[in-house]
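Chemist: Fold the following for me, if possible:
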Amino acid sequence: MRKPMAYITAAWSNNEFEVTETAANYCRKLYEAGYTPICPPLYLPLFLCDEVPQEHKDGIDMARDILRRARVLVVCGSIVDENVKNDIAIAQRLNITATTLEGILTVKGQGREE
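Modeler: Have a look, this model is predicted:
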């Protein structure tokens, strides 16, 4: 059975190592909850240079295109910045379900004994 694609958004840190570690952790949790996690901050910086204006724009366009293909938008972390708000607005326009990581994990855990 195919797992639904879940696009991960968060208010990412400016520290690339922290972003990688945090994003990988979110991806693992979603994978264990039965989703195919999609997290552009994990791979776009591998080949795009954010300091180059055209590459920065291309990265945003690529991430938006991936979001359009996802079944669900998952908001991770407790901070909501402008990028997260933009992702939520795009998801709403495209009728893509938006939820939180905590929401998915709570639902996934229902019916299980502690």
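Chemist: what ranges do the strands span in this structure?
Modeler: 5-9, 36-38, 72-75, 97-100 (DSSP state E).
Chemist: so which of the ones you listed is the most packed in?
Modeler: strand 5-9 (a mean of 24; mean count of other Cβ atoms under 10 Å). Any C-beta I mention is one placed from the backbone N, CA and C, and that applies to glycine too.
Chemist: Was I right to think Leu67 contacts Leu73?
Modeler: Yes - under the criterion of Cβ atoms under 8 Å, Leu67 makes contact with Leu73 at 6.7 Å.
Chemist: Now the strands of the chain in a markdown table, please, with extra columns for mean pLDDT and distance to Glu51.
Modeler: Below are the strands of the chain laid out as a markdown table (pLDDT from 0 to 100; distance: least, Cβ to Cβ, whole Å):
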| stretch | mean pLDDT | distance to Glu51 |
| --- | --- | --- |
| strand 5-9 | 98 | 22 |
| strand 36-38 | 97 | 24 |
| strand 72-75 | 98 | 27 |
| strand 97-100 | 96 | 30 |
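Chemist: Residues in contact with both of Leu67 and Leu73, list them for me.
Modeler: 7, 87, 91, 96 (Cβ atoms under 8 Å, 6 or more residues apart in numbering).
Chemist: Just send those residues back as JSON lines, with distance to Lys29 too.
Modeler: Converted to JSON lines, these look like this (distance: Cβ to Cβ, whole Å):
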{"residue": "Tyr7", "distance to Lys29": "14"}
{"residue": "Asp87", "distance to Lys29": "18"}
{"residue": "Ala91", "distance to Lys29": "19"}
{"residue": "Ile96", "distance to Lys29": "20"}
